[in-house]
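K.L.:
Generate coordinates for the sequence data below:
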Amino acid sequence: MYDVLIALDGDEGRATAQAGAVTDLPNAPDGVTAHLCHVFTDNPEGASVNQVARCVAHGRSSRLPA
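P.N.:
Residues are numbered from 1 along each chain as shown. Sure thing, here's the model as predicted:
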């Protein structure tokens, strides 16, 4: 049994490589739990993860929703 933390950012190639490494672990289909951590730095307002997610969902990248 493996518990894996996968850090993700905007680089799709790195994400694909990390997913491949996890699926190559022994017993991957049933014996691996993956936890994803989205790493981002474009957050000058100091918003919470939920605020940033709402901003992205509304197509705004630099202003937080009111």
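
K.L.:
buried stuff in the host helix or strand of residue 53?
P.N.:
Using DSSP states H and E, residue 53 maps to helix 49-57. Across helix 49-57, burial judged by 16 or more other Cβ atoms under 10 Å covers 52, 55. (Each C-beta comes from the backbone N, C-alpha and C, glycine too.)

K.L.:
Give me the neighbour count for residue 18.
P.N.:
A count of neighbours around residue 18, defined by other Cβ atoms under 10 Å, yields 17.

K.L.:
wait, isn't it in contact with residue 11?
P.N.:
No - in this structure residue 18 lies outside contact range of residue 11 using Cβ atoms under 8 Å: 9.9 Å.

K.L.:
hey, where'd the strands end up in the protein?
P.N.:
Using DSSP state E, the strands found in the chain span residues 2-8, 32-38.

K.L.:
On the strand side of things, show who the residue nearest the centre of the chain bridges to.
P.N.:
In the chain, the centroid-proximal residue (Cα atoms, centre = their mean) is residue 38; its distance is 2.8 Å. Here residue 38 sits in beta bridges with residue 8, as judged by DSSP bridges.

K.L.:
quick one: it and residue 10 touch, right?
P.N.:
No - look at residue 38 against residue 10 with Cβ under 8 Å: they stay out of range, at 9.4 Å.

K.L.:
need the longest helix for the chain.
P.N.:
The helix that spans the most residues within the chain, counting by DSSP state H, is helix 12-23.

K.L.:
and it with strand 2-8, angle?
P.N.:
If you take axes from the mean of the first three to the mean of the last three Cα atoms, to 10 degrees, helix 12-23 sits at 180 degrees to strand 2-8.

K.L.:
Please work out the average pLDDT along helix 12-23.
P.N.:
Across helix 12-23, pLDDT averages out at 90.

K.L.:
List the buried residues in that helix.
P.N.:
For helix 12-23, a neighbour-count test (16+ other Cβ under 10 Å) marks residue 18 as buried.

K.L.:
and it, how far from the chain's centre?
P.N.:
In terms of Cα atoms, centre = their mean, to the nearest Å, the centre of helix 12-23 is found 12 Å from the chain centre.
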